[in-house]
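# What shape does this take:
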Amino acid sequence: MAIGALDAAAAYGRAMKAAAPSTGGLTGLGDMAGGMAGAAGNTGGNFGSMVESMVTDASTSLRTAEAESAKQVAGKGDLIDVVTAIGAAETALDTVVAVRDRVVSAYSDIMRMQI
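A predicted model of the protein is given here:
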C-alpha cells in the first residue's frame, strides 16, 4: 500500500486534532494548514508528545489485535472483534509509518539545502 503526501498530511492532522482538541476543529486539508501553523507556534514538545502518543496508541492497537486473534484461535472470540481489532491496528500502523516517512523526507530535504 503506497502512502502519499496527502495521506501523511491527513494523518498528521488527525493526530494533532486528537492530541490537542483546543486548537479548533480541523475539518479538511484547508483548515489543517491553519491548525498546524497554530500548533507550530507553541512549545517544541508538542510534536514529540504527539509522536509518542501515536506510537503508544499503535502499540496498544497491535496488542489488542493480538489478544483478539489469540481468543479466536482458542475458540473463545468473535470473528467480528478480530477483524475490527486488526483493522484498527493496521490503520494505526499506517498512520505511524506515514508520519515517519514524512519526517524522513523533511530531514532529507533539509540536509540537501545549501547553506
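
# any weak-confidence spans in the chain?
Counting by pLDDT under 70, the chain shows low-confidence ranges at 1-10, 12, 16, 18-45.

# And the helices in it?
For the chain, the helices defined by DSSP state H cover 5-19, 29-40, 45-73, 79-112.

# which other helices and strands contact the third one?
I take that to be helix 45-73. The helices and strands touching helix 45-73, judged by 3 or more C-beta pairs under 8 Å, 6 or more residues apart in numbering; DSSP states H and E, are helix 5-19, helix 79-112. No exception for glycine: its C-beta is placed from N, CA and C like everyone else's.

# winner for burial among those helices?
helix 5-19 (a mean of 17; mean count of other C-beta atoms under 10 Å).

# Show me the one of the helices and strands packed on helix 45-73 that comes nearest Gln72.
helix 79-112 (4.8 Å; C-beta to C-beta).

# What angle do helix 45-73 and the closest one make with each other?
150 degrees (axes from the mean of the first three to the mean of the last three C-alpha atoms, to 10 degrees).

# so what does helix 79-112 touch, helix or strand wise?
Short answer (3+ C-beta pairs under 8 Å, 6+ apart): helix 79-112 packs on helix 5-19, helix 45-73.
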